[in-house]
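K.L.:
Build me a structure from this.
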Amino acid sequence: QVHLTEYGGGSVQAGDSLRLSCAISGRAFADYAMGWFRQAPGKEREFVAAIPWSGPNTVYADSVKGRFYISRDTAKNEVYLQMNSLKPEDTATYYCARAYGMIIAGTQPRDFGYWGQGTQVSVSS
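P.N.:
Numbering: from 1, shown residues only. Have a look, this model is predicted:
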């Protein structure tokens, strides 16, 4: 059984930073790519960032490139999303997800098999 739990969300002002964390329990965290998605009210879930099981080949959505950074700590079974220069349009529920394999095979929700319950991020102007 795999469980993902996100934490670190909150309400901030535009320009502030937040770091989201995702704790993963269960099998073989280190062998899978991980990702972050977000969903705003009334919108579809959208890709934010992903990191492979090993190596520097991270992937970012254009809307967050240069502001958000994904990283992982295999020893702690955690993945992180550092969010800088936050904007009101970043307001959403953020979800951590585990991919089906070691590489980033895609950036659609269907490319990820396990999901956390989400953490809310609200950015006011």
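
K.L.:
Need the contact partners of stretch 115-122.
P.N.:
Identification of contacts with stretch 115-122 by CB atoms under 8 Å, 6 or more residues apart in numbering yields 4-12, 18, 20, 22, 38-39, 83, 86, 90-97. C-beta: built from backbone N, CA, C; applies to glycine.

K.L.:
Look at the most centrally placed residue in the chain and give its secondary structure.
P.N.:
Centrality entry for the chain: nearest residue to the mean C-alpha point is residue 36, 2.1 Å, by CA atoms, centre = their mean. Secondary structure state of residue 36, per DSSP: H, G, I helix; E, B strand; the rest coil, is strand.

K.L.:
Quick one: the strands in this structure, in order.
P.N.:
Ranges of strands in the chain, per DSSP state E, are 3-7, 10-13, 18-25, 34-39, 46-51, 59-60, 68-73, 78-83, 92-99, 112-115, 119-124.

K.L.:
Who's the closest spatial neighbour of the residue nearest to the centre of the chain, skipping the chain neighbours?
P.N.:
Of all residues not flanking residue 36 in the chain, residue 48 sits nearest, at 4.3 Å (CB to CB, 6 or more residues apart in numbering).

K.L.:
since we're on that neighbour, how many residues are nearby?
P.N.:
By other CB atoms under 10 Å, 24 other residues sit near residue 48.

K.L.:
What separation do you get for it and residue 63?
P.N.:
Applying CB to CB, to the nearest Å, the value for residue 48 to residue 63 is 8 Å.

K.L.:
Kindly report the same for residue 9.
P.N.:
18 Å.

K.L.:
So which of these two has more stuff around it?
P.N.:
Between residue 9 and residue 63, counted using other CB under 10 Å, the more crowded position is residue 9 (18 against 14).

K.L.:
which ones are touching the more buried one?
P.N.:
Per CB under 8 Å, 6+ apart, neighbours of residue 9: 18, 20, 94, 119-121.

K.L.:
Start and end of stretch 7-14, how far apart?
P.N.:
20 Å (CA to CA, to the nearest Å).

K.L.:
Now it: buried residues?
P.N.:
Under the neighbour-count criterion of 16 or more other CB atoms under 10 Å, stretch 7-14 has 8-9, 12 buried.
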